[in-house]
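# Got a predicted model here, sequence first, then my questions.
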Amino acid sequence: MHLKDKVALVTGAAQGIGNACAQALLEKGCKVGLVDQNAELGEESKNNLDKQFGTQRTIFIPCDVSKEEQLKDAFKKIFEHFGRLDIVVNNAGVNNEKNWEATLQINLISVIKGTYIGLDYMKTENGGNGGAIVNMSSLAGLIPVPSQPVYCASKHAVIGFTRSIAMVSKARNYGVQINTICPGFVNTPILQTVEKEENMGQFLSYKDELKNMMEFYGLLPPSLVAEGLIKILEDDALNGEVMKITTNKGIHFHEYSPLPFPSNKQ
Ligand SMILES: NC(=O)c1ccc[n+]([C@@H]2O[C@H](COP(=O)([O-])OP(=O)(O)OC[C@H]3O[C@@H](n4cnc5c(N)ncnc54)[C@H](O)[C@@H]3O)[C@@H](O)[C@H]2O)c1
């Protein structure tokens, strides 16, 4: 996709990876709807982006993605404000093993809902222009993580859902490429949650092990994840792909064995 003048919706855009993705999309000439539940940080982040890109290129919509009506409303506002929608980045996520139901709600159910709402706006079947959806998973979506079993489950599920719905999109000619990104540890505020009982609950005792792993593997800059996002969006051939981003191999793709029963069913 040629990114200039395209409209993107990014969830969890107030800080961290989502914010870096918004910055990279703006640098490519997109307009960006910033969606986040943290209204104060969201406004602050919009103000910072306005200094670089002008006030017209972004809109901030306060929204808890786990509340369906708020999520639908955010899509509607961004579509009406900019007059189109081309890219959805379902990025908002949490690490909370104590309130693990909330983790599933935000990391998985809201990503599924964000994908379906995005398709409603973008798929050619509905008169849309086509587009792209990128769902944020994690390396924890590909390997077991004893300190975060539910976070790990949510990220595995995002990969399974994204690969599957990408096949549907292709078979039904939705014109929407759907992919997922799996970064290793990224230097953002979410990493601080591994030291908090309110987030880790019964798994708090793993905190030193986790910190040692972060030290051993190193932390990725959020900008590298944003670079991966742009790479996916600029390559129309990518669909159902699982991009991995690690300190030792950089941006690359997970390789799967061919499917035994490839489906072209509509
Ligand atoms: N940082 C890492 O090491 C890492 C690694 C792999 C994957 N990820 C994934 O990347 C995504 C972004 O993480 P990050 O590291 O930038 O985290 P972060 O905590 O720095 O930022 C997450 C953002 O999402 C927002 N958010 C959280 N719950 C929300 C909700 N219910 N509704 C709306 N907004 C909400 C927060 O307010 C925050 O601005 C997450 O899905 C995370 O699981 C992070």
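Received the coordinates, thanks.

# Name the SS class of the residue in the stretch 51-200 of the chain that the ligand sits nearest to, please.
Nearest residue of the stretch 51-200 of the chain to the ligand, counting by C-beta to the nearest ligand atom: residue 93, 2.2 Å away. Glycine gets a C-beta too; all of them are placed from N, C-alpha and C. Of the three states, residue 93 takes coil under DSSP: H, G, I helix; E, B strand; the rest coil.

# Same check on residue 70?
What three-state DSSP gives for residue 70 is helix.

# mind checking how far it is from residue 47?
Using C-beta to C-beta, to the nearest Å, residue 70 is found at 22 Å from residue 47.

# Between those two, which is the more surrounded one?
Neighbours were counted for residue 70 and for residue 47 using other C-beta atoms under 10 Å; residue 70 has more, 15 against 12.

# hang on, that one packs against residue 76?
No: between residue 70 and residue 76 there is no contact under C-beta atoms under 8 Å: 10.6 Å.

# any shared contact partners between these two?
Applying C-beta atoms under 8 Å, 6 or more residues apart in numbering, one finds that no residue jointly contacts residue 70 and residue 76.

# mind listing what residue 108 touches?
By C-beta under 8 Å, 6+ apart, residue 108 lies in contact with 154, 157, 158, 161.

# Which pLDDT value belongs to residue 190?
Looking at residue 190, its pLDDT is 98.

# Just give the closest residue to it, not the sequence neighbours.
Nearest non-adjacent residue to residue 190, counting by C-beta to C-beta, 6 or more residues apart in numbering: residue 95, 5.7 Å away.

# do the same with residue 26
residue 53 (4.7 Å).

# How about residue 38?
Sequence neighbours aside, residue 14 is the residue nearest to residue 38 in space, at 4.8 Å (criterion: C-beta to C-beta, 6+ apart).

# thinking that neighbour is in contact with residue 36, fair?
Yes: using C-beta under 8 Å, residue 14 is in contact with residue 36, at 3.7 Å.

# okay, the two: which has more neighbours?
For residue 14 and residue 36, the more surrounded residue by other C-beta under 10 Å is residue 36, and the numbers stand at 28 against 25.

# Could you report the distance from the more buried one to residue 21?
From residue 36 over to residue 21 the distance is 12 Å, taken as C-beta to C-beta.

# what touches both of the two?
By C-beta under 8 Å, 6+ apart, residue 36 and residue 21 have these common neighbours: residue 13.

# Spell out which parts of the protein neighbour the ligand.
Taking C-beta under 6 Å from any ligand atom as the contact definition, the chain meets the ligand at 11-12, 14-18, 36-38, 63-66, 91-94, 106, 136, 138, 183, 185-186, 188-191.

# And what about residue 152, helix, strand or coil?
Per three-state DSSP, the local secondary structure of residue 152 is helix.

# now swap in residue 201 and tell me
Each residue gets one of three states, and residue 201 gets helix by three-state DSSP.

# what's the burial count for it?
For residue 201, using other C-beta under 10 Å, the count is 14.

# That one reaches residue 98, doesn't it?
Yes: in this structure residue 201 lies within contact range of residue 98 using C-beta under 8 Å: 3.3 Å.

# How many residues are close by the residue lying closest to residue 4 once chain neighbours are set aside?
Sequence neighbours aside, residue 29 is the residue nearest to residue 4 in space, at 3.5 Å (criterion: C-beta to C-beta, 6+ apart). Residue 29: 13 surrounding residues under other C-beta under 10 Å.

# In this structure residue 176 contacts residue 131, no?
Yes: using C-beta under 8 Å, residue 176 is in contact with residue 131, at 5.2 Å.

# which residues do those two both contact?
Contact criterion C-beta under 8 Å, 6+ apart; residues shared by residue 176 and residue 131: 118, 122.

# what mean pLDDT would you report for stretch 133-143?
Confidence for stretch 133-143, expressed as mean pLDDT, is 98.

# May I ask you to confirm that residue 162 belongs to a helix?
Yes: with three-state DSSP as the criterion, residue 162 is part of a helix.

# Bridged to the closest residue to it other than its chain neighbours, which residues?
Distances taken as C-beta to C-beta, 6+ apart put residue 180 closest to residue 162, at 4.3 Å, once the chain neighbours are dropped. Residue 180 has these beta-bridge partners by DSSP bridges: residue 135, residue 242.
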